[in-house]
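Visitor: Sequence plus predicted model, see below.
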Amino acid sequence: MAKLWVGVLFLLLVPLSALVYLSWGPMDIPWTSLWSLIGEESPTAYVVWHLRFPRMLMALVAGFGLGLAGAAMQGLFRNPLVSPGLVGVSAGSALFTVLAIVLGGSFLATLPEWFGDLGLSMVSFFGAVFTMFAVYGLARWIGGGTMLTLILAGLAISAFAEAWIGLMRFLADDAQLRDMTFWQLGSLGGANATRVILAFGICVLAACLLFPSARALNAMALGEEDAGFLGISVRRTERMVLIGAALAVGASVAFCGVIAFIGLMVPHLVRLLIGPDHRILLPASGLAGGLLLLWSDGLARNLAAPAEIPVSVITATLGAPFIIWLMVRQRNKQKL
């Protein structure tokens, strides 16, 4: 029953948080008057429906993808401290994006306007997916695809990516450095209808891969060998989860930049509230991730208005105390 109430609470918080987000900003708008602005042509209506509304939807979609991917990865690795960045997805996506900014900026500028707006995002997304396949292929080739080799392959790819990102920083001019820094710290400022629809479609595809894996993830909590005895195809589950997580994280990174800690923090806290059953944990973590990113972006927009704080500054500020809390909690467990 407690699990049901937690899920209902998350569902109720989504529309309530959305109303607060739409009304909260440098131009405060009473939430009771939002509906009257539908179809109206005024500066207030433009701010609500053309600026804040797409950004709100993007926060919910991207946060859902990060929370969902984090929960699935933690279940796959049987470790509540795992995040999607552990296997190099974020670093690989960042490398492709930085290469495009520094080396391909002039090429992107020659593309048609309808594609040029999405060119960098598509490069980032395909970088995330390519990195996931590269890590999985490397781990399978070297060590049969065990969890340890996956983690080591991810660390190797991340180190390689960070080295080349450093080189691109050295070669970049001032404008490119600003673009790189702003993108790597995350922002939802570029949200529009096209980007929201694309991100939503990719996250739906990721959910279609991850939700059916919930039963297998529950079985894999007993260990790969025991899961195999229960009729679970461990290798197939690994592929489904890794591909689904790559799609979800890739969509978030492509359209919002690198956003830290949501994939680590949210699933861990939700697991403490509702338990380890992935049939409930996966959707609940997605909802909680969307809520956290929505509120974080609200703070990023308003704390230094009219300037905007990168959203990863907010999520990292929340995530650092969370890591310390986990360390203290683990220490107290060992004393018992």
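Guide: Looks like it came in fine.

Visitor: low pLDDT regions in the chain?
Guide: When residues are selected by pLDDT under 70, those of the chain lie in 1-4, 105-117, 143-147, 330, 333-336.

Visitor: What is the longest helix of it by residue count?
Guide: helix 113-143 (DSSP state H).

Visitor: quick one: buried residues of that helix?
Guide: Using 16 or more other CB atoms under 10 Å as the test for burial, helix 113-143 gives 118-121, 123-125, 127-132, 135-136, 138-140. From N, CA and C alone the C-beta is placed, and that goes for glycine too.

Visitor: Toward the C-terminus from the host helix or strand of Pro54, list the very next helix or strand.
Guide: Assigned by DSSP states H and E, Pro54 belongs to helix 53-77. Using DSSP H and E, the helix or strand that follows helix 53-77 in sequence is helix 89-103.

Visitor: got a list of contacts for that following helix?
Guide: 84-85, 108, 119-120, 123-128, 130-132, 134-135, 157-158, 161-162, 164-165, 168-169, 171-172, 176, 179-180, 183-184, 245-246, 249-250, 253-254, 258 (CB atoms under 8 Å, 6 or more residues apart in numbering).

Visitor: what residues does the very next helix or strand once past the longest helix of the chain touch?
Guide: Downstream of helix 113-143, the first helix or strand assigned by DSSP H and E is helix 147-171. With contacts defined as CB under 8 Å, 6+ apart, helix 147-171 is touched by 76-78, 85-88, 91-92, 94-95, 98-99, 101-103, 131, 134-136, 138-139, 142-143, 177, 180.

Visitor: same question, stretch 260-273
Guide: 6, 63, 66-67, 69-71, 73-74, 80-85, 186, 249, 281, 284-285, 288-289, 292-293, 312, 315-316, 318-319, 322, 326.

Visitor: change it to 7 Å
Guide: 6, 63, 66-67, 69-71, 74, 80, 83-84, 281, 284-285, 288-289, 292-293, 312, 315-316, 318-319, 322 (CB atoms under 7 Å, 6 or more residues apart in numbering).

Visitor: In CSV, could you pull the C-alpha coordinates for that stretch?
Guide: Output in CSV follows, covering the C-alpha atoms of stretch 260-273 (Å, rounded to 0.1, in the frame of the first residue of the first chain):
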residue,chain,number,x,y,z
ALA,A,260,24.8,15.5,-13.4
PHE,A,261,23.6,13.2,-10.6
ILE,A,262,20.0,12.7,-11.5
GLY,A,263,20.7,9.2,-12.8
LEU,A,264,22.5,8.3,-9.6
MET,A,265,20.5,10.2,-6.9
VAL,A,266,16.9,9.7,-8.0
PRO,A,267,16.8,5.8,-8.4
HIS,A,268,18.6,5.3,-5.1
LEU,A,269,16.2,7.5,-3.1
VAL,A,270,13.1,6.0,-4.8
ARG,A,271,14.4,2.5,-4.0
LEU,A,272,14.6,3.5,-0.3
LEU,A,273,10.9,4.6,-0.5
